[in-house]
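Peer 1: One predicted model, sequence on top.
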Amino acid sequence: MQEREIKLAVPPGFRLPSLDGLLGGVIAVPLPDVTLAAVYHDTADLRLARAGASLRYRSDDGWTVKLPQSTSAAGLLTRSELPVPGGPGPVPPAALDLVRAYARTARVDVATRLRTHRRRVELVDLDGKPLAEVTDDEVSVLDGRRVASRFRELEIELAEHATEQLAELIVDALRAAGAGAPDPIPKVVRALGPRALEPPDVVVPDVGTTAADAVRRAIAASVERLVEHDAPTRIGEDPEGVHQMRVAARRLRSDLRTFRSLLEPSWNDPLRDDLQWLGAELGAVRDAEVLAGRLLDLAATLPEPESGAAGQLIDGLLQQGDRARADLRAALRSDRYLELLDRLVAAAQEPPFAAGSEADEPAAEVVGTLVRAPWRHLHRAVDELGEDPADQALHEVRKRAKRARYAAEAVAPVIGKPARKFADAVAEVQTVLGDHMDAVMAEAWLRAAGLAEPGTVAFAAGALAAKESALAQTARDAFPAVWDAADRKRLRRWM
């Protein structure tokens, strides 16, 4: 669930104004005051709070995990709010799972306890449908039974269908009554103090001047992406989570290869091996989901009864995907994965550079040359294709195209537009050959699956296989043109 809220600080003596009639058809309804007790959990070094996440048990709604936020120019704070079943006491494993990418191997324990006296006003439309809730919170930070500190804040929480115009009108009314400007800092961060405002463990740095700076930036960007999509992958409702984690793992592995002349080999090689393991775990889920999705689309083009029969094939594939996802969840709970995250976070902060490398040399003089090798490998693979290349040979070209693209994108912050244009052209090669291999793999799966099925199902598998064969040929036919576009000399003068 997406939470949309705006927070404002208030001075002593502030009184909540009437909010009736802010917008046509909006009615303000006072609600009873409530007192809430909340316990927040974090690591000793406040990794969750610093990353913009929180893990909380509160007396009125149990366990809630909030994942990192985005803030609009108007101060509207958007966060994923995830309820987790469980009573007071130890943190439920399902809640720990959702913040594990931030905590990693560190222990999660009680970080602070809050008691909040909340005054509430609900804004509803003429049908009584809630639009927003405005709360005036007096918060006490507890140290045992002693009140260590107090603060007060206003919070506007918008319903999913409420407009930002309503939010702006509420803010204007509150500020006219004496409230301060929107301030997105969450309660737990105010309670924990300055340490909770320190940067998160992974920060993508600005473009620096040395080759080492370029390496740090590339690694940090992919580690940030991996961590961000860990929780969505565990939840499993959006296939984009697995896709983005897999891309991050693959890109990290590729970047470590691109920059290997600058990095300590005894550190780099084992890290790439573990990223390959993680990529394989993610790939088993992603491949099953992609195949099922494309077959569902193709099955819809078949007449009955073949369309229904194709559904029986796809059901088996979906079950395969469910088993792969269960294996992935186990992998994400493993010590191997959590220790890998620790190593990746350390790499994002300060990777170990090889003695005598060019890491401290100006980036513009070093990183462009690092793309030459993956480009040459790609060009050689295309030259060796022949007139009627095998499917596997085209797949190898695709892998080398992806490596060249990732290498160019890794150095693009330094090189700029020329590297991005080269990467875009090679990405087209990767896309066309990706479409080809997806169709080839789908056709092979359908032919094998059809052999084990009776009559109508086998016929449907054959019909779908024929469609996939045609799609594979279409991609083959498109390859020469996209390759010619990527092979233009002017695209790589910067190397």
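Peer 2: Looks like it arrived, so ask away. Nothing here was measured: the structure is a model prediction, and the numbers come from that model. Numbers count the residues shown, from 1 in each chain.
Peer 1: Next one: residue 180 relative to residue 11, how far apart?
Peer 2: Using CB to CB, to the nearest Å, we find residue 180 at a distance of 7 Å from residue 11. (Glycine included, C-beta is placed from N, CA and C.)
Peer 1: Between the two, tell me which one has more neighbours.
Peer 2: Between residue 180 and residue 11, counting by other CB atoms under 10 Å, residue 180 is the more crowded of the two (15 against 9).
Peer 1: Distance of the more buried one relative to residue 476?
Peer 2: Distance from residue 180 to residue 476, by CB to CB: 63 Å.
Peer 1: got it, and residue 422?
Peer 2: 24 Å.
Peer 1: Give the rounded mean pLDDT of stretch 25-35.
Peer 2: Mean pLDDT, stretch 25-35: 93.
Peer 1: swap in stretch 408-425?
Peer 2: The average of the pLDDT scores along stretch 408-425 is 96.
Peer 1: Who has more neighbours out of residue 422 and residue 476?
Peer 2: residue 422 (28 against 19).
Peer 1: What is the distance between stretch 180-190 and the centre of its chain?
Peer 2: The chain centre lies 25 Å from the centre of stretch 180-190; the measure is CA atoms, centre = their mean, to the nearest Å.
Peer 1: Straight-line length of that stretch, end to end?
Peer 2: 16 Å (CA to CA, to the nearest Å).
Peer 1: going forward can the numbers begin at 339, since that is how I track them
Peer 2: With 339 as the first residue, the last one maps to stretch 518-528.
Peer 1: Could you list the low-confidence segments of this protein?
Peer 2: The chain contains residues with pLDDT under 70 at 339, 407-416.
Peer 1: Break down it into its strands, ranges please.
Peer 2: With DSSP state E as the criterion, the chain has strands at 340-347, 365-380, 392-396, 400-409, 415-422, 447-462, 468-481, 484-496.
Peer 1: Can you add distance to residue 549 and mean neighbour count and give those strands back as TSV?
Peer 2: Below are the strands of the chain laid out as TSV (distance: least, CB to CB, whole Å; neighbours: other CB atoms under 10 Å):
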stretch	distance to residue 549	mean neighbour count
strand 340-347	40	19
strand 365-380	36	16
strand 392-396	38	22
strand 400-409	30	18
strand 415-422	37	17
strand 447-462	39	18
strand 468-481	46	19
strand 484-496	46	16
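Peer 1: quick one: which of these is nearest residue 617?
Peer 2: Distance to residue 617, taken as CB to CB, is lowest for strand 400-409 among the strands of the chain, at 23.3 Å.
Peer 1: Adjacent strands (with direction) for that closest one?
Peer 2: Strand pairing for strand 400-409, using DSSP bridges, gives strand 392-396 (antiparallel), strand 415-422 (antiparallel).
Peer 1: Make TSV from these and add distance to residue 768 to it.
Peer 2: Below are the strands paired with strand 400-409 laid out as TSV (distance: least, CB to CB, whole Å):
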stretch	distance to residue 768
strand 392-396	39
strand 415-422	31
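Peer 1: Out of those strands, flag the one nearest residue 790.
Peer 2: Smallest distance to residue 790 across the strands paired with strand 400-409 (CB to CB): 40.5 Å, for strand 415-422.
Peer 1: Next, the angle from that closest one to strand 340-347.
Peer 2: Relative orientation of strand 415-422 and strand 340-347, computed by axes from the mean of the first three to the mean of the last three CA atoms, to 10 degrees: 120 degrees.
Peer 1: how close does residue 576 sit to residue 563?
Peer 2: 15 Å.
Peer 1: Same check on residue 488?
Peer 2: 39 Å.
Peer 1: Return the residues in contact with the spatially closest residue to residue 692 that is not a sequence neighbour.
Peer 2: Among residues not flanking residue 692 along the chain, residue 602 sits closest, at 5.0 Å (CB to CB, 6 or more residues apart in numbering). Residues near residue 602 by CB atoms under 8 Å, 6 or more residues apart in numbering: 690-692.
Peer 1: who wins for most neighbours among those residues?
Peer 2: residue 691 (18 neighbours).
Peer 1: Could I get the contacting residues of that residue?
Peer 2: 550, 553, 600-602, 697.
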